[in-house]
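K.L.:
compute the structure for the input listed below.
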Amino acid sequence: MKRTILSTLAVSGLLAAPVAMAYTPATDVPETTITVVGGLSNLTAYQNHEQPFWTEKVPELTDGKVKAEIKGFNEMGLKGPEILRLLGQGVLPFATATLSYFASDDPINEAIDLAGLTPSIDTAREITDAFLPVYQEYYGDDNIKVLGFSTYPAQVMFCNAEINGLADLKGKKVRTSSRTQAEFVEAIGGSSVTIPFGEVVPALQNTVVDCAITGSMSGYSAKWYEVSTHLYALPINWNQQVHAVNQRYWDSLDPKVQEFLEANLPIMYDEIWEAAAHETQEGYDCNTGADACPHDVKGNMTLVEPTDADRAELERITAEVVVPQWAERCSERCVTAFNDTIGKILDINVAK
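P.N.:
Here you go, the predicted model:
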């Protein structure tokens with residue numbers, strides 16, 4: 001890869017300075033009520049950004065003329081993989097969903113978040129933005145208007161075993177949550193195990209698995225630090241969220257409302273990206289008991305920083321194993337789009 005995988009958080013973008021952002025008010029819009037199906041309601045992306053944007057910021061910016069009702073998809077009894085289908089059918093108007101939920105529908109949904117592809121959040125954002133027009137065209141065929149993407153914090157490895165680098169994962173049983181994570185684990189000599197998030201703590205405790213991958217703060221919130229000893233600070237992937245709207249519903253909105261949303265939604269997405277970077281570091285701090293952790297309860301895990309050898313091996317596995325395996329199951333159109341966008345950024349060209 002052209003991009004070197006960077007070891008320090010400051011260089012990789014996890015400690016990037018906040019970007020000044022200003023919302024744009026619109027007081028000449030007509031009275032409008034919008035219904036939104038948001039992301040997981042128990043996560044900070046929804047609690048700190050998505051819900052406040054729709055229920056507080058939107059009415060504030062429009063003098064109360066535009067109001068929104070929002071619930072996390074889990075609060076509505078939805079599992080996740082059905083969201084875009086319901087959105088295309090017009091059952092849902094606006095919705096947010098984890099893109100990896102739809103990997104089994106079409107591997108194109110894995111393109112921006114293949115395991116090992118972007119250990120830096122800055123690069124993850126860059127390739128996500130580069131591939132956005134591809135998703136807009138792809139989902140446009142299904143009557144879905146893709147508005148943008150946000151992300152969760154880095155997906156990293158929690159282990160209840162001594163881990164000092166990638167080589168130590170050989171022979172280990174690792175809980176994964178996506179096909180691309182599973183292929184990555186298999187490529188480094190580990191065994192992939194599928195376990196629901198809520199069952200990971202007893203699985204680690206009883207050595208059903210040796211390691212498990214999740215967001216650094218998600219693992220902290222779920223108290224994985226109580227059943228894990230080592231936290232490997234190398235982002236495997238990010239779990240980007242797609243924000244979209246039914247095209248016919250969008251077309252029914254007044255043009256002034258459309259303009260207002262198109263001006264302000266990207267700012268909310270930017271805030272989630274920025275927060276994900278800081279929460280990744282916060283997860284490292286709180287799971288390992290660092291003084292920088294802002295919470296009272298702290299873990300006592302050992303933080304393992306990736307070595308130069310780990311970074312080189314990650315690049316090799318991603319370019320020689322993960323991406324080619326993905327290309328085998330994706331369409332020629334999909335692979336061409338990858339090479340023309342993500343491939344040019346990362347200097348990867350994969351054959352179909």
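K.L.:
which residues does stretch 284-304 contact?
P.N.:
Contact with stretch 284-304 is made by 9, 158, 163-165, 216-217, 219-220, 224-226, 228-233, 281-282, as judged by Cβ atoms under 8 Å, 6 or more residues apart in numbering. The C-beta positions use only the backbone N, C-alpha and C, and glycine is treated the same way.
K.L.:
quick one: buried ones out of those?
P.N.:
Applying 16 or more other Cβ atoms under 10 Å to those, the neighbour count classes 9, 158, 163, 216-217, 219-220, 224-225, 228-233, 281-282 as buried.
K.L.:
can you flag which of these belong to helices?
P.N.:
Among these, the residues falling in helices (DSSP state H) are L9, S216, M217, G219, Y220, Q281, E282.
K.L.:
pLDDT of stretch 335-350, averaged?
P.N.:
Mean pLDDT, stretch 335-350: 96.
K.L.:
check which residues of it are buried.
P.N.:
Those would be V335, A337, F338, N339, T341, I342, G343, I345, L346, I348, V350, for stretch 335-350 by 16+ other Cβ under 10 Å.
K.L.:
could you do stretch 321-340 as well?
P.N.:
So stretch 321-340, judged by 16+ other Cβ under 10 Å, has buried residues V321, V322, V323, Q325, W326, A327, C330, C334, V335, A337, F338, N339.
K.L.:
what's the answer for stretch 251-269, then?
P.N.:
Result for stretch 251-269 [16+ other Cβ under 10 Å]: buried residues L253, K256, V257, F260, L261, N264, L265, M268, Y269.
K.L.:
over to stretch 51-58?
P.N.:
Q51, F53, W54, K57, V58.
K.L.:
and F260, how far from K298?
P.N.:
43 Å (Cβ to Cβ, to the nearest Å).
K.L.:
likewise Q240?
P.N.:
29 Å.
K.L.:
so for the two, which residue has more residues nearby?
P.N.:
Q240 (22 against 17; other Cβ atoms under 10 Å).
K.L.:
is it true that that one touches T151?
P.N.:
Yes. Using Cβ atoms under 8 Å, Q240 is in contact with T151, at 4.8 Å.
K.L.:
which neighbours do the two share?
P.N.:
A124, T128.
K.L.:
count the neighbours of D270 for me.
P.N.:
17.
K.L.:
assumed it was part of a helix.
P.N.:
Yes. Assignment of D270 by DSSP: H, G, I helix; E, B strand; the rest coil places it within a helix.
K.L.:
and the nearest residue to it once chain neighbours are set aside, helix, strand or coil?
P.N.:
Excluding its sequence neighbours, the residue lying closest to D270 (Cβ to Cβ, 6 or more residues apart in numbering) is M21, at 5.8 Å. Following three-state DSSP, we place M21 in the coil state.
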